[in-house]
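# Just to be clear, the model below is a prediction. Sequence and coordinates:
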Amino acid sequence: MQHNDIKQAAHELIDQLDHPTWSELAYQVAVKASIEQGLSEAEAGELTSQEDIEKEFGISQ
């Protein structure tokens, strides 16, 4: 995301909050960043299958 796009997204995020606190704003920014990172990883094919996760944690169904 480019600099101006990030600034615009931040403004929009703040406008969506009814009574923002710094903590709520920080939380929402962290959630948005996490989602964007996940989407980028998915687009790059950097995913782990459900099956592999279950094997790693010893979960059997």
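Looks like it came in fine. Remember, it's a predicted structure, so these values are computed and weren't measured experimentally. Residues are numbered from 1 along each chain as shown.
# Give the buried residues for the longest helix anywhere in the chain.
Looking across the chain with DSSP state H, the single longest helix is helix 22-43. For helix 22-43, a neighbour-count test (16 or more other CB atoms under 10 Å) marks Gln28 as buried. All C-beta atoms are positioned from the backbone trio N, CA, C, and that covers glycine.
# which strands and helices sit next to it?
helix 3-16 (3 or more CB pairs under 8 Å, 6 or more residues apart in numbering; DSSP states H and E).
# Could you list the residues in contact with the helix it packs on?
Helix 3-16 is touched from outside by Met1, Pro20, Leu25, Gln28, Val29, Lys32, with contacts defined as CB atoms under 8 Å, 6 or more residues apart in numbering.
# Now with 6 Å, please.
Gln28 (CB atoms under 6 Å, 6 or more residues apart in numbering).
# Kindly tell me how buried His11 is, as a neighbour count.
10 (other CB atoms under 10 Å).
# If anything else comes up later, I'll come back, but that's it for now.
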